[in-house]
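S.K.: Build me a model:
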Amino acid sequence: MSELTRLNFKIRDAVRSDMESVHRIFNEILLRSTATFEEEPTQIEGWLEIFDFKKSNHIPFLVVEFEGAVIGYGSYGAFRKASGYKITVEHSLHVDELFRGRGIGQALLSELIQRASKRGVQNMIAAIDADNLASIKLHEKFDFKIVGQLENVARKFSRDLSLVLMQLRL
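M.R.: The predicted structure is shown next:
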């Protein structure tokens, strides 16, 4: 068994104090990749508001912990604001770059899918940078299907980006 597969991580519900780590992970990803199309680093206050909203609305916000440190997180939220979309969620998950490729994203996505199913969600949507083949392949392992691609809808790092939309029927 390789070192990459021997991590003893745990997935748990986030607590408010985890938002500092979530904030750090997100900003590192934002500055180095197109895994998010956000360009400006976020503030901790925004993450605290997100956490409080999800907690008060019983929406899962999960973190991955390894040796006492948060190394990843995931959650889902409304796909669109109109009430008719209540059966559909869009999820997001991110893993610290030092821990990618070790099954953490897969475990986190599996837990998000289970939680959504238990809540009666019927569809999960993933919106992924078209060049992020690792994320696309991860979602395909869970039977997400590509249902569309929006060409050149964003700009980051002085280049145009396309967005792949993937859907899982639960």
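S.K.: burial measure for Leu62, as a count.
M.R.: The local packing of Leu62 (other C-beta atoms under 10 Å) involves 20 other residues. Just so you know, the C-beta spots here come from the backbone N, C-alpha and C atoms, and that holds for glycine as well.
S.K.: if I look at Arg132, how far off is Leu93?
M.R.: In this structure residue 132 is Asn, not Arg. From Asn132 across to Leu93, the span is 12 Å (C-beta to C-beta, to the nearest Å).
S.K.: With Met166 instead?
M.R.: Plainly put, Met166 is 13 Å away from Leu93 if you go by C-beta to C-beta.
S.K.: now do Glu49
M.R.: On the measure of C-beta to C-beta, Glu49 and Leu93 end up 19 Å apart.
S.K.: The two - which one has more neighbours?
M.R.: Leu93 (22 against 12).
S.K.: how about the strands in this structure?
M.R.: Secondary structure of the chain, counting by DSSP state E: strands at 10-13, 61-66, 69-78, 88-95, 123-129, 145-156, 159-169.
S.K.: For Thr34, find the nearest of these.
M.R.: Smallest distance to Thr34 across these (C-beta to C-beta): 4.4 Å, for strand 123-129.
S.K.: List the pairing partners of that closest one within its sheet, with orientation.
M.R.: Using DSSP bridges, the strands paired with strand 123-129 are strand 88-95 (parallel), strand 159-169 (antiparallel).
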